[in-house]
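J.: I'd like to go over a predicted model; first the sequence, then the structure.
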Amino acid sequence: MGLAALLGIVSLRGQTTPVITDFTPKTGPPGTEVTVRGRGFRNPASDNYILFNSVPQISAHEVNAAGTELKFYVPASWSGRSAGPITIEYHYSSALRPRGLSTSGFTPIPLSITDFTPKTGLPGTVITITGTGFDVRRWYNHIHLTSASWTLIDSEVNSLGTLLRFRVPASWPVGSVGPITVNFDLSSSEKPRVSSKADFSLISQGTGINRFSGPELDELDTRYLRKTDAYAKTESDERYARKTDLDDLDTRYFAKTDLDDLDARYLKRTDYVSETDLAEIYIKKTDLEDLDIIRSMREELVGLLDELAALKRQIGVGGSSRTFGSSVRLEQNILIRPNPASDYLEIRTPEDTYLKIIDATGKVLRAVRIPRGLNRISIQDLPSGGYLLLLQIGTQATSYNFIKR
């Protein structure tokens, strides 16, 4: 092994290796901010490189002071790639770099166009495109008309990257007809890209729909984009009113689409409640009901303390084997024996029963669920004294006193 390679290994061993414990979200379109948790991330953020499926690496844009959390934006180059783990490595000149690999994978949302409306219009017309995988950062989406040269367009996009809106630019040649192409580059041929199945027609001059000259149309478009009210009291007023109504409809549709997306995400989240969560809720409810029962019986328990103490004096700790009520048959077809008891209690119930043994201080010493029929409960480990036996069958609870000799 050469000296340079040996020094590279020594340098590698002297550095902290980044470790990824988790990241969220696990899927998203370009522009999605991903938060990675772990340890060993470096400051500044640009020293941390993120790799995915052999795509050229990108840098993180934020790292906390402890080096346990970093954030980066999903690049457009990940669009359409298959799911895979995320790798983080440091910025070193050596080929030997410490790196961390996630145990779970990230799934990029592919770029697609479902539809767009309207299919024809003048410069300044608002076009709404639906699909998937649009960059959620508005300046990163490029819209091209196939027959026109590329144009950098200021677009609006929703938070899920499923809806894109833009105004037809004046630079698109009037009379052009062709599909709309969306990608993330100035050139319409750069991948990833997607084109609509339907064509868009840019209305030409002199068709009877647009009765303005070129300069007049440019002036109308400029004033419309600036949202001014200084239109002349001519036929353009009616066109402006129609455009305002369309803008209002577009805004309401855009807001409704966002609300629909939120509703869908909320419903999915609601469906994700696991049986474990439901079991925990049931257990908490059961514990609250048990607590109410114990509180309601505390006064009865305190009132029995004197009686239990007298009984204890009669039998003595480790004293006479005399019992009273060696077999007690109670209501609801419940049988409890013997009482007093030394080693065990035999309990027969008509249904599955939740059983608790409580001492004179109110402390629960035992809580078990017993099946219907005759069961033997060991009490050898209990100190001698008086106890409260709480039986809960369904929603009904009953208490009994017994003595441990």
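T.: Yep, it's here.

J.: and the helices in the stretch 251-400 of the chain, which stretches?
T.: Here the stretch 251-400 of the chain has its helices, by DSSP state H, counting those that start in this stretch, at 275-315.

J.: please, where are all the strands along the stretch 251-400 of the chain?
T.: 328-330, 334-337, 344-349, 353-358, 364-370, 373-378, 385-393, 396-404 (DSSP state E, counting those that start in this stretch).

J.: quick one: the ones you listed as JSON lines, columns for mean pLDDT, distance to S112 and mean neighbour count too.
T.: The way it works is simple: take the backbone N, C-alpha and C, and place the C-beta from them, glycine included. Output for those, formatted as JSON lines (pLDDT from 0 to 100; distance: least, CB to CB, whole Å; neighbours: other CB atoms under 10 Å):
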{"stretch": "strand 328-330", "mean pLDDT": "49", "distance to S112": "71", "mean neighbour count": "12"}
{"stretch": "strand 334-337", "mean pLDDT": "91", "distance to S112": "67", "mean neighbour count": "17"}
{"stretch": "strand 344-349", "mean pLDDT": "94", "distance to S112": "63", "mean neighbour count": "18"}
{"stretch": "strand 353-358", "mean pLDDT": "94", "distance to S112": "56", "mean neighbour count": "19"}
{"stretch": "strand 364-370", "mean pLDDT": "94", "distance to S112": "54", "mean neighbour count": "13"}
{"stretch": "strand 373-378", "mean pLDDT": "94", "distance to S112": "63", "mean neighbour count": "12"}
{"stretch": "strand 385-393", "mean pLDDT": "93", "distance to S112": "58", "mean neighbour count": "19"}
{"stretch": "strand 396-404", "mean pLDDT": "90", "distance to S112": "60", "mean neighbour count": "17"}
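
J.: between those, which gets nearest to D47?
T.: Each of these has some distance to D47 by CB to CB; the shortest is strand 364-370, at 55.4 Å.

J.: just the element for F41, please.
T.: Using DSSP states H and E, F41 falls within no helix or strand.

J.: which of the strands of the stretch 251-400 of the chain sits closest to P192?
T.: Across the strands of the stretch 251-400 of the chain, P192 has its closest neighbour in strand 364-370 (58.4 Å, CB to CB).

J.: tabulate the strands of the stretch 251-400 of the chain (TSV), appending distance to S195.
T.: Shown next, in TSV, are those (distance: least, CB to CB, whole Å):
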stretch	distance to S195
strand 328-330	81
strand 334-337	77
strand 344-349	73
strand 353-358	66
strand 364-370	65
strand 373-378	73
strand 385-393	68
strand 396-404	70
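
J.: of all the ones you listed, which one comes closest to K26?
T.: For K26, the closest of these is strand 364-370, at 39.2 Å, according to CB to CB.

J.: re earlier: ok, which of the strands of the stretch 251-400 of the chain comes nearest P56?
T.: For those, proximity to P56 was assessed by CB to CB; strand 364-370 is nearest, at 60.1 Å.

J.: that closest one pairs with which strands, parallel or anti?
T.: Within its sheet, and counting by DSSP bridges, strand 364-370 is paired with strand 353-358 (antiparallel).

J.: taking strand 344-349 as reference, get the angle to the partner strand.
T.: Put simply, strand 353-358 runs at 140 degrees to strand 344-349, going by axes from the mean of the first three to the mean of the last three CA atoms, to 10 degrees.

J.: need the residues that contact strand 353-358.
T.: 286, 290, 294, 301, 347, 364-370, 372, 377, 379, 382, 387-393 (CB atoms under 8 Å, 6 or more residues apart in numbering).

J.: how far away is E351 from N333?
T.: Note on E351: its distance to N333, by CB to CB, to the nearest Å, is 9 Å.

J.: cool, T120 as well?
T.: Here the criterion is CB to CB. By it, T120 lies 82 Å from N333.

J.: measure stretch 157-164 end to end?
T.: The first and final residues of stretch 157-164 sit 5 Å from each other (CA to CA, to the nearest Å).

J.: what's in contact with it?
T.: For stretch 157-164, the external contacting residues (CB under 8 Å, 6+ apart) are 28-32, 109, 128-138, 141, 143, 155-156, 165, 182, 254, 257-258, 261.

J.: could you pull out the helices for the stretch 101-250 of the chain?
T.: Ranges of helices in the stretch 101-250 of the chain, per DSSP H, counting those that start in this stretch, are 214-225, 235-271.

J.: for those helices, which has the smallest mean pLDDT value?
T.: Ranked on mean pLDDT, the bottom entry among the helices of the stretch 101-250 of the chain is helix 214-225, at a mean of 57.

J.: and the protein, what are its domains?
T.: 3-108, 112-271, 278-404 (automatic domain parsing).

J.: relative to A76, how far out is P371?
T.: 62 Å.

J.: neighbour count for these two, which is higher?
T.: Legend: neighbour count by other CB atoms under 10 Å for P371 and A76, higher for A76 (24 against 10).

J.: quick one: contacts for the more buried one?
T.: Here A76 is in contact with 30, 135, 140, 184, 192 (CB under 8 Å, 6+ apart).
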